[in-house]
Structure formats: C-alpha cells, structure tokens
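# Pasted the sequence and its predicted model underneath.
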Amino acid sequence: MRILLLIFCCIAIATLQAEDITLRDGTVLKNVTVTNVTPAYLSVTHDAGVAHVMLADLPAELQKKYRYDPDKAAKFAAADAEAQRQLIQQQQKLTAKQQASKEKATEDNARQQPQATASRHGTGKVYELWGRVTQVLPQGIVVDPSYPGYVGSIFVVKGIPDQARLAEGDSFRAKVAEDGVITLPDVGGGNHTLHAYVWRGPSD
C-alpha cells in the first residue's frame, strides 16, 4: 500500500514539475506545469500564460506518458464539444427569457402609462353639472352649485376653452369628467381641497 502511494506521489510530482515542451510543429512552451490531464488535451500553465495542449500535438514520448489514444481523444473531444454546445444553448435561452421578460415589462408599463396619464386629465365618469362661478383661477373656475333647489359642494372645472369669457357670478352649465381633487390656497393662508372636473363639452 505504501509502495502504491509512493508511486502515485511520484507521478503527481512528475506531472506538476515544470519543464519545457516542444510540440510537433516546433512550438516551444517554457516552464510548463500540467494542471489537468484529459484523453484529448493537457491543461497547462507556462511562461506565456495558460493553455490547453492537444495530446495529438505532443511528441511521441509525451503521448506515451499521458497514454494518448486517438479514438478516446476523439470521443472525449466530441462529448466535450456537445457539453459546451448545450451550455451555450442554455445560456442563450436564459438570455432570451430575460430579454422577453424585460420587453414584456416595458410593454406593460407603456400600456399602463397612457391610462395613468389620461386619468389625470379627466377620463372618469362624465356628468352634467351647473352652478354659479365664484372664482376664476389660472387652474380653472370654482363653481358653487348651492342655489335654490340644490345643495352640494363647490367644485373646480378645468380646461374650459372660453374660460377668459367667464367672470364671477356667471352661470355655468356643461358636461364634465371626474379628475380627482385639487388643493387651493385659502385667503387666510391655509389650503382647502375641492373635487376637480375637466370640461368635456357644452350641455345638451
């Protein structure tokens, strides 16, 4: 047992020992250290870096040392190439899946964005409202629907084409669409929030 262990250690030391190797085509690799042996090639480090050296390119004595068999080398090379092909294919599928997911997220955002933008510009339910103008502001007009026969909250209407023609005290009646709320400053320095609508056309 000790003898076998000693033989194995000697082979390992010989494999890891740095040496110069002259390939069949005359290429010289300086201070080569073999780090891995396969039926088709050696993984080595040398003065110029790291490399895979094909057993077929080694001189005869080294081919014998590393038990080079052309048939085994060909089978190993084919299996290794297939494994690499499958790995590349898996990576390509993963990349394509990630890209498709990214594109879908972008499309979903693009579909949602117009809806979000539209909701801020009065695409809610359309009403016909009327009342009396109490204020004309840059943002729109403030309308008080509290006149005889009706009790309600004042509201703001935005986007009226002929707003410049309106003045405080004028009657107002039009089709409007819900547009959330709007916060306006109070005379006393505070703020108050009103229902907001967007002008959608004259009343029938």
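The structure has been received and is ready for your questions.
# Neighbouring strands of the top strand by length along the chain in the sheet, and parallel or not?
Ranked by residue count and defined by DSSP state E, the top strand of the chain is strand 171-185. Strand 171-185 has these partner strands in its sheet, going by DSSP bridges: strand 126-137 (antiparallel), strand 191-202 (antiparallel).
# got CSV for the ones you listed, with mean pLDDT and mean neighbour count too?
From N, CA and C alone the C-beta is placed, and that goes for glycine too. Listed next are the strands paired with strand 171-185 as CSV, based on pLDDT from 0 to 100; neighbours: other C-beta atoms under 10 Å:
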stretch, mean pLDDT, mean neighbour count
strand 126-137, 88, 15
strand 191-202, 88, 16
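# quick one: which of these is nearest Ile182?
With C-beta to C-beta, the closest approach to Ile182 among the strands paired with strand 171-185 belongs to strand 191-202: 4.1 Å.
# Pull the residues that contact that closest one.
121-122, 126-127, 129, 140, 142, 153-161, 173-186 (C-beta atoms under 8 Å, 6 or more residues apart in numbering).
# pull the helix or strand with minimum mean pLDDT from the protein.
Every helix and strand in the chain was compared by mean pLDDT, DSSP states H and E; the lowest is helix 2-16, with a mean of 44.
# Return the set of buried residues in the next helix-or-strand element following that helix.
Later in the chain than helix 2-16, the nearest helix or strand by DSSP states H and E is strand 19-22. Across strand 19-22, burial judged by 16 or more other C-beta atoms under 10 Å covers Ile21.
# So what are the sheet partners of strand 19-22 and their directions?
Using DSSP bridges, the strands paired with strand 19-22 are strand 28-37 (antiparallel).
# Put the alpha carbons of the partner strand into PDB.
Extracted in PDB, the C-alpha atoms of strand 28-37 (Å, rounded to 0.1, in the frame of the first residue of the first chain):
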ATOM      1  CA  VAL A  28       8.300  25.600 -27.500                       C
ATOM      2  CA  LEU A  29       6.400  26.100 -24.200                       C
ATOM      3  CA  LYS A  30       8.700  27.200 -21.400                       C
ATOM      4  CA  ASN A  31       8.400  26.100 -17.800                       C
ATOM      5  CA  VAL A  32       5.200  24.000 -18.400                       C
ATOM      6  CA  THR A  33       3.300  22.700 -15.400                       C
ATOM      7  CA  VAL A  34       0.500  20.300 -16.200                       C
ATOM      8  CA  THR A  35      -2.600  21.000 -14.000                       C
ATOM      9  CA  ASN A  36      -5.100  18.600 -15.600                       C
ATOM     10  CA  VAL A  37      -5.000  15.600 -17.900                       C
END
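# and the helix ranked longest in the chain with strand 171-185, angle?
Determined from DSSP state H, the single longest helix within the chain is helix 70-119. Put simply, helix 70-119 runs at 120 degrees to strand 171-185, going by axes from the mean of the first three to the mean of the last three C-alpha atoms, to 10 degrees.
# what bridges to Ile141?
Val136, Val157.
# so it touches Ala164, yeah?
No - with contacts counted by C-beta atoms under 8 Å, Ile141 stays clear of Ala164, the gap being 10.8 Å.
# Between these two, which is the more surrounded one?
Remark: of Ile141 and Ala164, Ile141 carries more neighbours, 22 against 8, as counted by other C-beta atoms under 10 Å.
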